[in-house]
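Q: Next comes the sequence, and after it the predicted model I'd like to discuss.
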Amino acid sequence: MYVKDNQNIVYNIEMRVLNTGNLPRRLRYYQSMIDLQLIDKGQPYSKPNQSYIIFICPFDLFEKGRHKYTFKPICEEDTSIYLDDGAAKIFLNALGEMDDVSSDLKAFLDYVSGKKTDNDFVEQLDKEVKEARRNREWRHKYMTLLMRERPMSR
């Protein structure tokens, strides 16, 4: 899902079901595509807005037990120096074990991993997901898009 909010902050949010081993490189590609959309030829480099690429995963890519891993560029030689380029990459891990996110985000990640929750937002989300699954027109559009995206097998 690609979204721009009312402050022109860009969010690219994707659900990743399998750990394909290439997610960090995929993030790099997504960032380049976002940057191409945000700045036109001849515009100043100060033009690109803040952007977030968020992968929601039912696995722990980094195997550290966190629910959330946020990456922003820092200097390797002096980690107190942060390169403020306006880009952040976030991995959300539904299998996290630490107390490191809000209760609402934890409830959402529990929902992603198939656990029941009594969180109001998650209950509303579940209702909307069920409604979308019953919507034949939406399913048809989704399947058409999916078929267009998949390479033809020979």
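A: All right, it came through fine.
Q: Nearest the middle, which residue of the protein would you pick?
A: Central residue of the chain (CA atoms, centre = their mean): Ile54, 2.2 Å from the mean position.
Q: in the helix or strand where Arg26 lies, what's buried?
A: Applying DSSP states H and E as the criterion places Arg26 in helix 23-38. Neighbour counts over helix 23-38 (16 or more other CB atoms under 10 Å) mark Leu23, Leu27, Tyr30, Gln31, Ile34, Leu38 as buried. Using the backbone N, CA and C atoms, a C-beta is placed for each residue, glycine as well.
Q: could you give the angle of the following helix or strand past that helix to helix 23-38?
A: Next in sequence after helix 23-38, counting helices and strands by DSSP H and E, comes strand 51-57. Here the directions of strand 51-57 and helix 23-38 differ by 150 degrees (axes from the mean of the first three to the mean of the last three CA atoms, to 10 degrees).
Q: Run through the helices of this structure in chain order.
A: Assigned by DSSP state H, the helices in the chain fall at 23-38, 103-112, 120-134, 136-149.
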